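S.K.: make a model of this:
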Amino acid sequence: MASAPSPSGVVSSGAWAQRPSGVPAAVPPPGIPLAFLGASGLGLVAMGVAWVLTAGAASRDLTADPVVAAVHLGVLATLATGVLGAMHQFVPVITARPIRSVRTAATSLIVWVVGAWALPLGIGTGSPATTAVGGAALGVAVALVTWNLAPSLRVRGKGSSVTALRWSLAGAIATTLVGVAFVGDRRAAWFPLSGHVDLAMGVVGMFAWLGTAYIGVAAKLWPMFMLAHLERPDRAGATAVWAMPIGAIVLATGLAIRRDLVAEVGALVLAVAIVAHLRSLVAHVAHRRRARDLHLVYVLTSAGLLVAGSLLGAAGTIAVRMRVDAGPGLVAAAMVAFGGWLLVALVGHAHKVVPFIGWSLLRARGVRTGPSGRPLAFADLIDARWAALGYGQVTAGVVALASGLATRSVGLLVTAGALLAASGVTVTLNLVVHPWRVARSAPAADVP
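M.R.: Predicted coordinates:
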C-alpha cells in the first residue's frame, strides 16, 4: 500500500491494512508498541533473575559491577523499553501526526534491545567490548527514535502532554549522552566516576526522561480509564510537566559537581513536581465515574511508591550528610521506590492498553465475537485473576527490593528478585495468551 502524506507533510510508511473503523489514521500498526512492551516484560524477568544472582554482592557493596548490571537491566531493558513502546503508541495519538517510518521504529526496537541487554551484561561480566557495543547501540537507537518522533512533537496547541513528551525525548538524549560518557570512562578514566555521578545520571533518566513521559501520557490515560473529566484545566498536571524535568536537571547538576545548594534547589523543584503530580491524580480520582477496579489499585500503589521514594530520599540525604552507615542504603532504596512508581504504573496501564491494542488487531483480522459468543470485548483479552496475581508479585517485589537494599539483607534481595521475575512471566503470559486463545477459538464465520 502506498504511503500517504500527513497534514504535517511527513510521509508515513505506517499505513495499516484492514484498520478498524474508529482507529485514528496516525496510530501505528499494533506490532510496534506490542513488541516494545513484550521486550519490556522479558527485561523484567531478566532483572529479577539478576537480583537473585547479585544479592550477595549487593549486601556487601552497592556499587559492585553485578549490582550496576542489575540496575541497568531494570532501567534500560524494562522501564525504558516499556516507555519507548508507550511513546511510539501515544505520540501519534496525542499529536494526531504519524511517526516518520514504521520500519525505522522496528529497527530502533531491535537496536535498543541489543543495547539494553548488552550494556548490563558487559558490565556484569566485566567485558569492556560488550559494554561498548551496548553503549553504541543505545546511542544509535535513541538517535533513530528522535528522528522518528520529533516531527510529530512539533505540533502546536495539543496541551501539556505534548510538552511532557518533548521534555522526555530531550531527557532520553541527555541520559544517553551521559551514559555514553559513563561507558567511555570505564575504559579511559576520563573523570572520577564517583557515586555522585552515577546518581546524577540516574536522576536524569528516572525523572527528566521516564517520569516526565509517564506524567504526560497519564494525563491522557487517567481521564479515559477512570472516566474522569475535570471541571477545570489540570494546572497541577501542567506544573508537574515543567517542574519535573527542570528539577531533575538542576538536582543532577548539583550532584555531579558536588554543590549542595544547587542540588537542594533541584530537589525542591522536583518536590514541587511530585506534589503537583499527586494533586492531579487526586483530582482525577475524585472525579472518576468508573467503579473501583484493579487499574485504580495499580495507580494508587504507584503513587504510594512515589511518596515512599521521596521520604526515603530525604532520610537518605540526611543520613549521608551525618555520615550514618545506613545512608547509602536508604538512597538506593529511594531510587528503587521511584523505579517502582514507574514500574507499577507501567504494568497497571499495560493491563488496559494492551487489550485495547489487541482488540484493534483482532478486529483488523476479522474477529468479531469473544469466547462467550457476544461481541468481542476488552475483558475477553485478559484474565482478572492473573492480573491480580501480577499486581501482588510486582508490588511485593519492589517493596522487598527497596527493603533489602536499605537493610543489606540477602534474603530480602533474593525474594525480591524471584517476585519480580515471576511478575514478568505472569504479566507477559496474561497479556499474550488470552488474545491468542481468542484468535484461535474465533468462529470461522468471524474470519473472512
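S.K.: the longest helix along the chain - contacts with which helices or strands?
M.R.: Taking DSSP state H as the criterion, the chain has its longest helix at helix 327-364. Packed against helix 327-364 by the contact rule (3 or more Cβ pairs under 8 Å, 6 or more residues apart in numbering; DSSP states H and E) you find helix 31-60, helix 81-95, helix 195-203, helix 212-226, helix 294-321, helix 384-407, helix 410-441. (C-beta placed from N, C-alpha, C; glycine too.)
S.K.: tabulate those helices in CSV, adding columns for distance to Gly115 and mean neighbour count.
M.R.: Formatted as CSV, these follow (distance: least, Cβ to Cβ, whole Å; neighbours: other Cβ atoms under 10 Å):
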stretch, distance to Gly115, mean neighbour count
helix 31-60, 12, 22
helix 81-95, 10, 24
helix 195-203, 15, 20
helix 212-226, 18, 23
helix 294-321, 26, 18
helix 384-407, 24, 21
helix 410-441, 20, 20
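S.K.: out of the ones you listed, nearest to Val183?
M.R.: Val183 sits nearest to helix 195-203 of all those, at 11.1 Å, using Cβ to Cβ.
S.K.: kindly export the closest one (C-alpha atoms) in PDB.
M.R.: Extracted C-alpha coordinates of helix 195-203, given in PDB (Å, rounded to 0.1, in the frame of the first residue of the first chain):
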ATOM      1  CA  GLY A 195      28.800   7.600  43.300                       C
ATOM      2  CA  HIS A 196      27.600  11.200  42.900                       C
ATOM      3  CA  VAL A 197      28.000  11.000  39.100                       C
ATOM      4  CA  ASP A 198      26.200   7.600  38.900                       C
ATOM      5  CA  LEU A 199      23.300   9.100  41.000                       C
ATOM      6  CA  ALA A 200      23.100  12.200  38.800                       C
ATOM      7  CA  MET A 201      22.700  10.000  35.700                       C
ATOM      8  CA  GLY A 202      20.000   8.000  37.500                       C
ATOM      9  CA  VAL A 203      18.100  11.200  38.400                       C
END
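S.K.: what angle do it and helix 327-364 make?
M.R.: 20 degrees (axes from the mean of the first three to the mean of the last three Cα atoms, to 10 degrees).
S.K.: residues contacting helix 195-203, please?
M.R.: Residues outside helix 195-203 that contact it (Cβ atoms under 8 Å, 6 or more residues apart in numbering): 63, 68, 71, 75, 175, 178-179, 182, 191, 248, 251-253, 255-256, 258, 328, 331, 335.
S.K.: so where's this protein uncertain?
M.R.: 1-22, 184-196, 442-448 (pLDDT under 70).
S.K.: hmm, back to that, show me which of the contacts of helix 195-203 are buried.
M.R.: 68, 71, 75, 175, 178-179, 182, 248, 251-253, 255-256, 328, 331, 335 (16 or more other Cβ atoms under 10 Å).
S.K.: tell me the one among the residues you listed nearest to Ser40.
M.R.: Nearest member of the buried ones among the contacts of helix 195-203 to Ser40, counting by Cβ to Cβ, is Val75, at 11.4 Å.
S.K.: excluding its backbone neighbours, what's nearest the closest one?
M.R.: Gly205 (6.2 Å; Cβ to Cβ, 6 or more residues apart in numbering).
S.K.: over to Val414?
M.R.: Ala55 (4.7 Å).
S.K.: what's the spacing between that neighbour and Thr104?
M.R.: 40 Å (Cβ to Cβ, to the nearest Å).
S.K.: before we move on, the earlier item: ok, which of the helices and strands packed on helix 327-364 comes nearest Leu109?
M.R.: helix 31-60 (5.6 Å).
S.K.: could I get the contacting residues of Trp112?
M.R.: Ala80, Thr81, Leu84, Ala137, Leu138, Ala141, Val142, Val145.
S.K.: hang on, the fifth one packs against Val113?
M.R.: Spelled out, that is Leu138. No: counting by Cβ atoms under 8 Å, Leu138 stays clear of Val113, with 10.1 Å between them.
S.K.: so Val183 touches Pro120, yeah?
M.R.: No: under the contact definition of Cβ under 8 Å, Val183 does not touch Pro120, with a separation of 11.4 Å.
S.K.: which residues are in contact with each of these two?
M.R.: Gly134.
S.K.: looking at the two, which has the bigger crowd around it?
M.R.: Pro120 (29 against 22; other Cβ atoms under 10 Å).
S.K.: contacting residues for that one?
M.R.: Contacts of Pro120 (Cβ under 8 Å, 6+ apart): Ala50, Val68, Ala69, Ala70, Val71, His72, Leu73, Leu76, Ala77, Gly134.
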